[in-house]
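[1] okay, predicted coordinates and the sequence, questions at the end:
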Amino acid sequence: MSLAHFEVHQPTSLAQALDLLSAHRADARVLCGGTDLVPKLKAGVIAIGHLISLKRVPELDHVSFSPDQGLVIGGAARLSDVAEAPGVAENYPGLAHACSVMATTQIRHMGTVAGNIANAAPSGDTAAPLLVHDAVINVVGPGGRRSIPLADFFAGPGASVLDSLEIIETITAPAPQKPCGSQYLRLSARSLVDIAAVGVAALIALDGAGRVNRCRLAMAAVAPTPRRCPEAEALLEGKTPDAGLIAAAAQALSAASCPIDDVRSSAAYRQQMVGVLARRALEHSLKLAQGGAQ
Amino acid sequence: MAKQNIELIVNGDRYTVAVDPWRTLAEVLREELNLTGTKVGCNQGDCGACTVIMDGRSVSSCLTLAVEAHQRQITTIEGLAPSRTQLHPIQEAFVEAQAVQCGFCTSGMIMSAKNLLDHNPHPTEEEIRAGLSGNLCRCTGYVKIVEAIDLAAKKLDPAGAKEA
Amino acid sequence: MKTNPKLIGQSVPRLDAPQKVTGQAIYTDDIKLPGMLYCKMLTSPLPHARIKRIDVSKARALPGVKDVIIGEDTPKVKYGNWRLVPESQDELPLAVDKVRFVGDEVAAVAALDPEIAEKAISLIEVEYEELPALYTVEDSIADGAPLIHEESKGNVSLVRKINYGDVDGSFASAHYVREDTFRVHAVQHAYMEPCASIAAPDEGGRVTLWTSTQTPYIVQCLLASTLGIPENHVRVMKVAVGGGFGGKMELRPWEFCCAFMALRTGRPVKFLWSRKEDLSFGRRRHGMTLYSKIAFAKDGKLIAKDFQVLLDGGAYNAMGPTATFLCGTFGNMAYRLPAYRYFGRHVYTNKPPASAMRGFGAPQAYFAMESQFSMAAEEMGFDPIDLRIINAMEEGDVIPEVATVSTCGFKESLEKVRELSGWDEKRKNRQPGHGLGISAYSFISGGVFNWFNTKYNFSAAEVRVYDDGTAHLFSMACDIGQGPDTVLRQILAADLGLSIDKVRLTAMDTAQTPKADLGSWGSRVTLMNGNAILEATKKIKEMLIPVLFAEFDLNQIQDLAFEDDHIFVKSNPKKRMSFAQAVYKALRGRRGEPLVAQGYYTPRNKGLVSPAFSFGAQVAEVTVDQDTGLVKVDKIYTAHDCGVPINKKAVEGQLEGAIQMGLGYTLSEQFVMKDGRTLNSTFLDYKVPTALDMPPSESVEVETYEPEGPFGAKEAGEGLAIPTAAAIGHAVYEATGYRCKDLPITPEKVLRGLGKLK
């Protein structure tokens, strides 16, 4: 199937990109990696007159980590850039894992984290690991800049609070408070070239007494949007973690999921797997935190 | 909507072509430049047959818009062999290890292998498998392809010359 | 064992590899011809409907459209590979009156570019009257079910029965009897090259077709009959083919439409199927419901089997009749079986037609049989390998009503795989969540049957030799990736003692290569074409031998050897002449008449099914995650008898690829269907195993010398695709206690089977 017809604009600055978006308004769409958009254009799912490519906007092409600034991912940073950037694997292992196993090598060389988030696919692999790190989406638009906590970003399958005239400028996440451990686990019938049927991310940070002072649990592909589960997190926060509490939190996350039956898996299986993965991710995160590995 | 004039730098050759903005790089390579060594197996970015190297990284040419490749350095399967009578070490290794059966995945496999070895000249077997996991093959079970890449790494190493 | 020329068994690098690694090999979609038009096809959106009206006027009026055709415009000749049974030929290139599955072809367009063609397709108006549709074999054979083809009562298009021995009596007196019903699913070939073809009009109403096929001769014949022109007016030409696995062995609608519109417009017409269409509408391996009852005597001897199979054929016969026939034959191939009853029915449903796929009825039949053997062994207290050895076929055994097994390395394969896998040791030290499973197989080396009703031999070769020391092989054999372009030259070079680079090949051109070749399927090519070549080279030798006898004044009792590009006296190698010189002298002696010889092969006096049988056994070692149900195959061990391997690495390549296909069949590949529509039509969701999914594997070859095969060779192409499912199934049972009788073994089924899914 050949693609529907459109024009491609390749601005070389953020200002140009915003101007182009405003000029074409409803008939325009931002093109990041294109790995999700191009298949949709081929399938005729989307028809659009103007694509504004961000691949030649230098202001957006960066990834960095520092203890002060935390993680800063530019809006055009590719998945492979993020996976390989210094500090990411050490501080955000779940995100590094997601960025190095999702889709294929070729697609990770093209696709961007910002694009993966902006798609707002329920199964987006980067969302859950970013959620547990309290990531913030910083956008810029005709009205200026604003920051949206990722937890408030998604509005439904394929929908977000991002305005069509806005561009994701950066995705930021604070440096994890230590000692801390985190992990992202995904389940699918095949190793790669795949979409997760279930994805769960966990984070545990401990205080000096070994109590959990922060717990985060997030899931993907098992609800209309990737989401955190404060009820499950609250079961561990302030407590000295043990197997029973972990099992209870995992169970709470499973109970809070509302997966559907689709070509990848059944709802019942997915829901149960949320619990299994959550338990494993929490156990692993706790071990990391206790070992001071981070 | 007018065609856009773009310059593609493919295997060191400069081509000026007028393309519709909705054409993929795979289409333009095959239909406009007659470089049909790049194969299209799924046209969805899932099979890896169309893999080319753009600015030093492997990409799916069926998901890349040709206009986005304007003035970028592209290497396709046709650009690997150093001469008409000589194969690139990865190509040699594929022949010697009998890593080729139907051949339809071969171009993409070799480009992914090149990407892997360019970034990681001494991959472990697991790293080779991960490096190939975006390329589907239905004939070989990947066994001899993995062997070929291991062999290619050894061929490329002694001379210390990573690039053809 | 006979001594073979040294080229036999050598892993000669594939001769087509240099072209393929440089991107120079030409596949169908790589071809562009001057004036070429692009074809697109309109398919049915409904699973079962009557066509009430088709209006192509808007499509025809679109600028750039050069031709639009519907069924009524065509000669309306039905086709199918079983020409011997005309009533089995149930397909038309374009539907007339009715559509029978989502994807059934209704119309075709030829236009200046693919986009115009696509646009024109969208402008064709079809009015359908929807009919009730059937999606399961059980529904299709139920009383009062609507008929998918009016002629086929009960929606059964073909029945095969086998009945010998006292089946019921044996069940009554047996020590142990078990019956099980297995359900296996449809999967797809997933060849990497999408289907494509180009037809070019030729002078005098003739047409040339380049097409991605494994059966050029069959396409030639059926294309001629559907077009209503002489066979000799159709030329099917060599192209590189990117895999087939059984999915490209029939005439397909686009081949007809390209040729038909090329003749109508006087311009070449090209068609390319998208992967989405292929996954949605393409041929598949038969899903089946298999009921099997088997009985054993106390000593472990299999005494009877009752095997009843419903094949889910989809909307048309395709290669289903052959699968129905063979499925019954595979039911009694590997083991001695004194009493056997088979009742196989090929059933229509409103789904994409099932057809041949690597193994052709065997993966399904052996999944049932081998699963039952493992279950029976456990319940009767036998080691599963021992029970198989007790019953294994041996050399000289007769498969009742089928054939005599001339070579058989089955018991040895079972023993070898036991040793290779560490079977005894590992079974003694079982770990929870970990298991070993075994499965075995036997397969055919080409078919004896001639349902295509060819009047020619099944395989043919023409060999020409020249005084520059080279030879030229003409063969219709079709390299779809499995390697005959190399292996057949290896056989020729070995027999004439030439170096392989001296052998030129012209293959797969129905206008130039000798008639006929039935194509690349049924694991027939090496044995049948190899034999045809050896008959031709024998004739060439007979032309050259007199030259040496005259030159050296040899005694009548002396024998000659052909080696190293020379011919010499065996007892006195100094008396030698270069091959080139011998051809030169023979040419002179024949006053310039070229040295050309043809050879043919058709299996005769070889029973009903095949001239030779392969055997093998496989052990799978798995670890099952008890919480998620995920099955990880840790290792695969295989021992198999493929006769003498002509090219060892080519044989290994067949095994390695077969394991990938078997793994996908067992664990990850399936179609998710709703109301006749396929929901997972991308490689993202149709999960072919990747390099990371593949387990390590070890194998040994048990060599036998098959007298019917060239240099002792038998098949190695399809048999190896058979055992993986039952081996993994058994291993999962050993690891968890869950016995899967319905493929694929998904994590969910494992958990549910263990009662762990709430």
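    Nice, thanks for sending it over. What you are looking at is a predicted structure, and each value in this text was computed from that prediction instead of being measured.
[2] tell me the contacts of the closest residue to chain C within chain B?
    Chain B approaches chain C most closely through residue B:37 (1.9 Å), counting by CB to the nearest CB. (C-beta placed from N, C-alpha, C; glycine too.) With contacts defined as CB atoms under 8 Å, 6 or more residues apart in numbering or on different chains, residue B:37 is in contact with B:76, B:77, B:78, B:107, C:22, C:23, C:24.
[3] so which strand or helix has it?
    Element membership for residue B:37 (DSSP states H and E) is empty, with no helix or strand holding it.
[4] give me the pLDDT for it.
    Note on residue B:37: pLDDT of 98.
[5] walk me through the domains of chain C.
    C:17-24+C:458-601, C:31-131+C:192-243+C:248-281, C:284-449+C:607-753 (automatic domain parsing).
[6] cool, and chain B?
    Taken from automatic domain parsing, chain B resolves into B:4-79, B:89-158.
[7] chain center to stretch C:673-691, what's the gap?
    Distance, stretch centre to chain centre, for stretch C:673-691: 22 Å (CA atoms, centre = their mean, to the nearest Å).
[8] typo on my end, stretch C:39-48
    When distances are taken as CA atoms, centre = their mean, stretch C:39-48 is centred 27 Å away from the chain's centroid.
[9] ok, that stretch near chain A or not?
    No: Stretch C:39-48 lies out of reach of chain A by CB under 8 Å from any CB of the partner chain, never closer than 9.9 Å.
[10] what mean pLDDT does that stretch have?
    98.
[11] before we move on, the earlier item: buried deepest among the domains of chain B, which one?
    Most buried of the domains of chain B by mean neighbour count (mean count of other CB atoms under 10 Å in any protein chain shown) is domain B:89-158; its value is a mean of 24.
[12] quick one: least confident helix or strand in the chain?
    You didn't say which chain, so I picked chain A. Across the helices and strands of chain A, mean pLDDT, DSSP states H and E gives its lowest value to helix A:37-42, namely a mean of 88.
[13] do that helix and chain B meet?
    Yes: contact of helix A:37-42 with chain B (CB under 8 Å from any CB) involves A:38, A:39, A:41, A:42.
[14] and the longest helix for chain B?
    For chain B, the helix with the greatest residue count under DSSP state H is helix B:143-159.
[15] looking at it, residue C:537 is touching residue C:496, isn't it?
    Yes: between residue C:537 and residue C:496 a contact is recorded at 5.4 Å, counting by CB atoms under 8 Å.
[16] related to what we said a few turns ago, what does the least confident helix or strand of chain A contact?
    Residues contacting helix A:37-42 (CB under 8 Å, 6+ apart): A:1-4, A:6, A:29, A:31, A:46-48, A:51, A:115, B:22, B:24, B:43-45, B:63-65.
[17] list the contacts of residue C:709.
    C:445, C:526, C:527, C:530, C:531, C:611, C:612, C:643, C:644.
[18] which of these fall in helices?
    Members of the contacts of residue C:709 lying in helices (criterion: DSSP H): C:526, C:527, C:530, C:531.
[19] compare these and tell me which is most surrounded.
    Greatest neighbour count in the ones in helices among the contacts of residue C:709, by other CB atoms under 10 Å in any protein chain shown, goes to residue C:526: 33 neighbours.
[20] residue of the stretch 1-150 of chain A closest to chain B, please.
    Counting by CB to the nearest CB, the stretch 1-150 of chain A gets nearest chain B through residue A:104, at 2.6 Å.
[21] again, but for chain C
    Counting by CB to the nearest CB, chain C gets nearest chain B through residue C:23, at 1.9 Å.
[22] distance of that residue from chain A?
    Residue C:23 is 17 Å from chain A, where distance means CB to the nearest CB, to the nearest Å.
[23] show me which residues of stretch C:390-403 are buried.
    For stretch C:390-403, a neighbour-count test (16 or more other CB atoms under 10 Å in any protein chain shown) marks C:390, C:391, C:392, C:393, C:397, C:399, C:402, C:403 as buried.
[24] one step back: how close does the residue of the stretch 1-150 of chain A closest to chain B get to residue B:149?
    Noted for residue A:104: a distance of 16 Å to residue B:149, by CB to CB, to the nearest Å.
[25] equivalent analysis for residue A:43, please.
    33 Å.
[26] residue ranges for the helices of the stretch 551-700 of chain C, please.
    Listed in chain order, the helices of the stretch 551-700 of chain C (DSSP state H, counting those that start in this stretch) span residues C:579-589, C:648-663.
[27] which residue does the stretch 401-550 of chain C have closest to chain A?
    For the stretch 401-550 of chain C, CB to the nearest CB, closest residue to chain A: residue C:433, 14.5 Å.
[28] and residue C:23, what's its pLDDT?
    For residue C:23, the predicted pLDDT is 98.
[29] for it, grab the count of nearby residues.
    Residue C:23: 24 neighbours (other CB under 10 Å).
[30] now it: closest residue in space, sequence neighbours ignored.
    residue B:37 (1.9 Å; CB to CB, 6 or more residues apart in numbering or on different chains).
[31] list phi and psi for the one you found.
    phi -70, psi -30 (degrees, to the nearest 10).
[32] and it, how far is that from chain A?
    In terms of CB to the nearest CB, residue B:37 sits 17 Å off from chain A.
[33] follow-up on the earlier one: out of the ones in helices among the contacts of residue C:709, which is nearest to residue B:112?
    The closest of the ones in helices among the contacts of residue C:709 to residue B:112 turns out to be residue C:526 (CB to CB; 31.5 Å).
[34] the closest one contacts residue C:486, correct?
    No: using CB under 8 Å, residue C:526 and residue C:486 do not qualify as a contacting pair, with a distance of 10.8 Å.
[35] OK, contacts around residue C:386?
    C:300, C:377.
[36] about what we covered before: columns secondary structure and distance to residue C:755 on top of the contacts of residue B:37, output as JSON lines?
    Shown next, in JSON lines, are the contacts of residue B:37 (DSSP: H, G, I helix; E, B strand; the rest coil; distance: CB to CB, whole Å):
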{"residue": "B:76", "secondary structure": "coil", "distance to residue C:755": "54"}
{"residue": "B:77", "secondary structure": "helix", "distance to residue C:755": "52"}
{"residue": "B:78", "secondary structure": "helix", "distance to residue C:755": "57"}
{"residue": "B:107", "secondary structure": "helix", "distance to residue C:755": "49"}
{"residue": "C:22", "secondary structure": "coil", "distance to residue C:755": "56"}
{"residue": "C:23", "secondary structure": "coil", "distance to residue C:755": "54"}
{"residue": "C:24", "secondary structure": "coil", "distance to residue C:755": "57"}
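[37] mind putting the residues you listed into JSON lines with distance to residue B:10?
    What follows is those, written out as JSON lines (distance: CB to CB, whole Å):
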{"residue": "B:76", "distance to residue B:10": "6"}
{"residue": "B:77", "distance to residue B:10": "11"}
{"residue": "B:78", "distance to residue B:10": "8"}
{"residue": "B:107", "distance to residue B:10": "14"}
{"residue": "C:22", "distance to residue B:10": "15"}
{"residue": "C:23", "distance to residue B:10": "12"}
{"residue": "C:24", "distance to residue B:10": "16"}
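[38] relative to residue C:186, which of these is nearest.
    Taking CB to CB as the measure, residue C:186 sits nearest to residue B:107 out of the contacts of residue B:37, at 30.1 Å.
[39] I'd guessed that closest one sits against residue C:25; true?
    No: assessed by CB under 8 Å, residue B:107 is found out of contact with residue C:25, at 9.4 Å.
[40] which stretches of chain A form helices?
    Applying DSSP H to chain A gives helices spanning A:14-24, A:37-42, A:79-84, A:88-91, A:93-101, A:105-110, A:113-119, A:127-131, A:230-236, A:243-256, A:267-291.
[41] so which of the ones in helices among the contacts of residue C:709 are also by chain A?
    Applying CB under 8 Å from any CB to the ones in helices among the contacts of residue C:709, none is adjacent to chain A.
[42] for the stretch 51-200 of chain A, give me the ranges with low pLDDT.
    A:189-194 (pLDDT under 70).
[43] next: the stretch 501-650 of chain C.
    Ranges of the stretch 501-650 of chain C meeting pLDDT under 70: none found.
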